[in-house]
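1. Pasting a predicted model and its sequence here:
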Amino acid sequence: MENKDILNALQNYEMTFGTAENIFNGGFLTDAERDFVMRDSNAFLFGLIADQSVKAEIAWSLPYKLAQRLGHFSMQKIAKESSSEEIGTLLRTKPALHRYPGNMGRYLWAAAERLTSEYDGCAENIWGNVTAMEIVERLEAFSGISHKKASLACLLLWRDLGVEISDKENIDIAYDVHIRRIFLRAGFCEKDTLKDVTEAARRLNPKFPGYLTSPFWALGRNICRPTEPLCGQCPIRPFCARRLDKTENLRA
């Protein structure tokens with residue numbers, strides 16, 4: 001198995017869907033929701049935190065909808081005049097904005113407080129003029145942001161928001177359930193751990209392992225599905241061990 005052949009297959013596959021699987025440009029969000037998370041760095045951070053146990057389109061539309069319910073999107077006002085319980089209640093109000101409003105309420109209120117106390121109320125100060133390693137370290141200090149989310153943030157910041165990141169070799173693949181499924185089935189790694197999946201991605205594309213997030217995520221969402229995978233349509237079928245039994249008990 002040649003890594004370059006796998007990368008070529010993924011790049012060709014990515015060309016078939018263009019921006020259709022891009023959360024910001026693929027029609028997942030309304031224009032207002034998309035513009036909000038791309039224009040407001042705090043909204044981007046809230047969307048990142050919300051991207052957990054729900055579909056991406058639900059997570060990234062949450063900041064805009066929450067701002068509508070709050071009547072503002074001031075981090076200072078959220079931190080000083082609201083509470084985690086109030087945010088949770090707003091998220092829980094039907095139609096609910098998240099599957100886990102209580103946890104999300106705590107995470108988002110804590111994020112507003114950290115932004116206010118450490119970053120002058122502006123998330124852009126987290127990633128301005130720093131390396132990927134520093135961005136990941138700073139993001140992981142926020143409640144509700146795992147290494148998976150921090151790695152995803154680096155990719156989105158570079159790819160979609162035009163943030164300059166020089167050390168792309170330090171942007172890891174996101175430890176997402178779709179990606180984990182493919183790596184285990186294909187035989188790229190033996191165990192479903194952050195360490196194993198991350199190291200496998202670094203071997204596949206050492207110069208920019210995080211690049212692999214987008215094509216593998218789309219592949220897992222549309223072709224290498226949890227049940228009845230469409231193996232005949234898979235661009236990396238020649239390189240896949242087809243170990244479907246490895247993912248029988250895989251959970252998000």
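-> Everything's here; your move. Numbers count the residues shown, from 1 in each chain.
2. Let me see the contact set for the spatially closest residue to residue 235 that is not a sequence neighbour.
-> Once flanking residues are discounted, residue 235 sits nearest to residue 13: 4.0 Å by CB to CB, 6 or more residues apart in numbering. C-beta coordinates here come from the backbone N, C-alpha and C atoms, glycine included. Residue 13 makes contact with 215, 218, 219, 235, 236, according to CB atoms under 8 Å, 6 or more residues apart in numbering.
3. same question, residue 6
-> Residue 6 makes contacts with 204, 236, 239, as judged by CB under 8 Å, 6+ apart.
4. Which element, helix or strand, includes it?
-> helix 3-17 (DSSP states H and E).
5. next SSE after that helix?
-> Moving toward the C-terminus from helix 3-17, the next helix or strand (DSSP H and E) is helix 31-39.
6. just the angle between the next helix or strand along the chain from that next one and helix 31-39, please?
-> Next along the chain after helix 31-39, taking DSSP H and E as the criterion, comes helix 41-50. Calculated by axes from the mean of the first three to the mean of the last three CA atoms, to 10 degrees, helix 41-50 forms an angle of 100 degrees with helix 31-39.
7. tilt between the helix or strand just after helix 41-50 and helix 31-39?
-> Next helix or strand after helix 41-50 toward the C-terminus (DSSP H and E): helix 56-70. Put simply, helix 56-70 runs at 90 degrees to helix 31-39, going by the same axes, to 10 degrees.
8. Okay, buried residues for helix 56-70 please.
-> Buried residues in helix 56-70, counted by 16 or more other CB atoms under 10 Å: 56, 58, 59, 60, 61, 62, 63, 64, 65, 66, 67, 70.
9. what pLDDT does the fifth one get?
-> Confidence at residue 61, expressed as pLDDT, is 97.
10. Identify the residue nearest it in space, chain neighbours excluded?
-> Among residues not flanking residue 61 along the chain, residue 33 sits closest, at 4.5 Å (CB to CB, 6+ apart).
11. what pLDDT does residue 1 get?
-> pLDDT, residue 1: 51.
12. cool, and residue 25?
-> With respect to pLDDT, residue 25 has a value of 81.
13. count of neighbours near the closest residue to it other than its chain neighbours?
-> Distances taken as CB to CB, 6+ apart place residue 19 nearest to residue 25, at 4.0 Å, with adjacent residues excluded. For residue 19, the count of nearby residues is 12 (other CB atoms under 10 Å).
14. for residue 229, same thing?
-> Applying other CB under 10 Å, we find 20 residues neighbouring residue 229.
15. ok now do it, which residues does it touch?
-> Residue 229 makes contact with 185, 223, 244, according to CB under 8 Å, 6+ apart.
16. and the residue nearest to residue 235, how far is that from residue 58?
-> Look at residue 13 and residue 58: by CB to CB, to the nearest Å, they are 25 Å apart.
17. before we move on, what about residue 243?
-> Applying CB to CB, the value for residue 243 to residue 58 is 31 Å.
18. And for residue 142?
-> Distance, residue 142 to residue 58, by CB to CB: 20 Å.
19. Equivalent analysis for residue 114, please.
-> Distance of residue 114 to residue 58, given as CB to CB: 24 Å.
20. which stretches of the protein have low pLDDT?
-> Within the chain, the segments meeting pLDDT under 70 span 1.
21. hmm, back to that, need the max-distance pair from the buried residues of helix 56-70.
-> 56 and 70 (22.3 Å; CB to CB).
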